[in-house]
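K.L.:
This is a predicted model, with the sequence first.
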Amino acid sequence: MHIPYVTELPDLELYALADPATERVTTLGERYNVPHRYESADEMIAERGEELDAVIVLTPPSQHADVVETTLGAEIDTLVEKPLSVSVADADRMVSAAEAADATAMVAYNKRYAPAVEAAREEIAALDQVDKITAYDVDPNHGRNIEEVYDLVDGAVPESVVETTREKQLADSKQVIDSDDDELADDYHWHLEHICHDVNLLRGLFGGVESIDHVDLYADGRYATANLVYEGGRRCTLDSGLSDRKWFEEFVRVDSPTGMIELSFDDPFIRNSPPSVRVKRGTDEISDETRTPSYEESFKREVEHFVACIRGDAEVRTPFEEGRADVRLIADLFRQTQGAPLLGDY
């Protein structure tokens, strides 16, 4: 998702690519006129590190820490795809690297940069009271839908890389949820990649979680429901799910004594399908308004904000510390289902 938006921004040049799938690097390099192409991030940084102003890390989450320690160690401004990591231990490594580096470090939570999210925040801040928060996010079969929308660039990743990545992903998942169950670890990894957006969005709107009251994992691990309490005692029901249906559905709804605010998201993989904000109020008379503040792409705005942070024109909105807190919270949802000690202080 990031390459097209980077190439659309006039002040940016896509200078180098690294991917173990060499055919994909060649195809993308030719398509986007990228002059320098590599099989590994280490090779790219070793040869071109002094020439790079910034790096976007798009490896699997279990591989982020090694790459990020290298980029930040070279004082290169770094944007990391969400989730920050699979394990809290890896997140700790990256937070430490960010603290030690004279470089911008930011997690790529694109939805935080959508104009509708900013509009919803203003509406929520104007409420005298919040009775209930509902966050609902159920995925379709994205792979099937994406094939209809994009000209995908395939590439064969070496089996050794696939196996190493899979082994670390599974080991990290088991460790962080305190379980030896492979299926439960796989469920955790899927929900982590899925609802980290929602967890971070809720953090941006309502602050931190004060307590985890209850968590259910059901439908063969495809669905999870968590009852959470946010700052100020505001209660939230968080639903995460995986379906085989064709449509995507995600929203955050806030109910107050006299109205409701609903922030609704369309399929993130369909361009220029922005989120909308619905505000409904009334005790004697009813007003019901739905707004789409902008058709700007949140992925593109995210990159623009990253560049503004590098230039000193903006503050990082989604720092590594938040990314670590998100990983810890989602791990604790799974720990709660087993009665294991929680990692966070709620």
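P.N.:
Perfect, I can see it now.
K.L.:
drop to CA atoms for contacts and neighbour counts, all remaining ones
P.N.:
Fine.
K.L.:
ok, now which ones touch residue 20?
P.N.:
38, 39, 40, 157, 158, 161 (CA atoms under 8 Å, 6 or more residues apart in numbering).
K.L.:
quick one, phi/psi of it?
P.N.:
Dihedral angles of residue 20 (phi, psi; degrees, to the nearest 10) stand at phi -70, psi -20.
K.L.:
so what's residue 265 bridging to?
P.N.:
As for beta bridges, residue 265 partners with residue 250 under DSSP bridges.
K.L.:
how close does it get to residue 199?
P.N.:
In this structure, residue 265 and residue 199 are 15 Å apart, going by CA to CA, to the nearest Å.
K.L.:
again, but for residue 270
P.N.:
22 Å.
K.L.:
likewise residue 34?
P.N.:
Residue 34 sits 35 Å away from residue 199, going by CA to CA.
K.L.:
Between these two, which has more neighbouring residues?
P.N.:
residue 199 (21 against 17; other CA atoms under 10 Å).
K.L.:
Name the helix or strand for the more buried one, please.
P.N.:
helix 182-206 (DSSP states H and E).
K.L.:
ok, now residue 309?
P.N.:
helix 298-310.
K.L.:
Now find how far off-centre that helix is within its chain.
P.N.:
15 Å (CA atoms, centre = their mean, to the nearest Å).
K.L.:
Need the CA coordinates for that helix. CSV is fine.
P.N.:
In CSV, the C-alpha atoms belonging to helix 298-310 read as follows (Å, rounded to 0.1, in the frame of the first residue of the first chain):
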residue,chain,number,x,y,z
SER,A,298,-5.1,8.0,5.2
PHE,A,299,-2.1,6.0,4.0
LYS,A,300,-0.8,9.0,2.0
ARG,A,301,-1.6,11.4,4.9
GLU,A,302,0.4,9.1,7.2
VAL,A,303,3.5,9.3,5.0
GLU,A,304,3.0,13.1,4.8
HIS,A,305,2.9,13.3,8.6
PHE,A,306,6.0,11.2,8.9
VAL,A,307,7.8,13.6,6.6
ALA,A,308,6.6,16.6,8.5
CYS,A,309,7.9,15.0,11.7
ILE,A,310,11.3,14.4,10.1
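K.L.:
Summarise which helices and strands the helix or strand following that helix is packed against.
P.N.:
Using DSSP H and E, the helix or strand that directly follows helix 298-310 along the chain is helix 320-338. Helices and strands touching helix 320-338, by 3 or more CA pairs under 8 Å, 6 or more residues apart in numbering; DSSP states H and E, are helix 88-100, strand 105-108, helix 159-177, helix 182-206, strand 209-218.
K.L.:
looking at these, which is buried most?
P.N.:
Among those, strand 105-108 has the highest mean neighbour count (mean count of other CA atoms under 10 Å), at a mean of 27.
K.L.:
partners of that one, with directions?
P.N.:
strand 77-81 (parallel).
K.L.:
out of everything not next to it in sequence, what's closest to residue 200?
P.N.:
Leaving aside its sequence neighbours, residue 200 sits nearest to residue 326 (CA to CA, 6 or more residues apart in numbering; 6.4 Å).
K.L.:
Report the buried members of the contacts of residue 20.
P.N.:
38, 39 (16 or more other CA atoms under 10 Å).
K.L.:
Quickly list the domain ranges of the protein.
P.N.:
Annotated domains of the chain cover 2-108, 111-298+315-338 [automatic domain parsing].
K.L.:
what residue is smack in the middle of the protein?
P.N.:
Residue closest to the mean C-alpha point of the chain, counted by CA atoms, centre = their mean, is residue 82 at 3.6 Å.
K.L.:
any idea how far it is from residue 17?
P.N.:
For residue 82, the distance to residue 17 - CA to CA - is 19 Å.
K.L.:
before we move on, what about residue 89?
P.N.:
Taking CA to CA, one finds residue 89 at 28 Å from residue 17.
K.L.:
Equivalent analysis for residue 108, please.
P.N.:
For residue 108, the distance to residue 17 (CA to CA) stands at 18 Å.
K.L.:
same question, residue 336
P.N.:
From residue 336 over to residue 17 (counting by CA to CA), the distance is 41 Å.
K.L.:
more crowded one of these two?
P.N.:
The residue with more neighbours, out of residue 336 and residue 17, is residue 17; 22 against 19, by other CA under 10 Å.
K.L.:
which SSE is that one in?
P.N.:
Using DSSP H and E, residue 17 falls in strand 16-18.
K.L.:
Return the residues in contact with the closest residue to residue 292 other than its chain neighbours.
P.N.:
Excluding the flanking residues, the one nearest residue 292 by CA to CA, 6+ apart is residue 276, at 4.6 Å. Residue 276 makes contact with 116, 263, 264, 265, 290, 291, 292, 293, according to CA under 8 Å, 6+ apart.
K.L.:
One more: residue 229?
P.N.:
By CA under 8 Å, 6+ apart, the contact set of residue 229 is 209, 210, 211, 212, 213, 235, 236.
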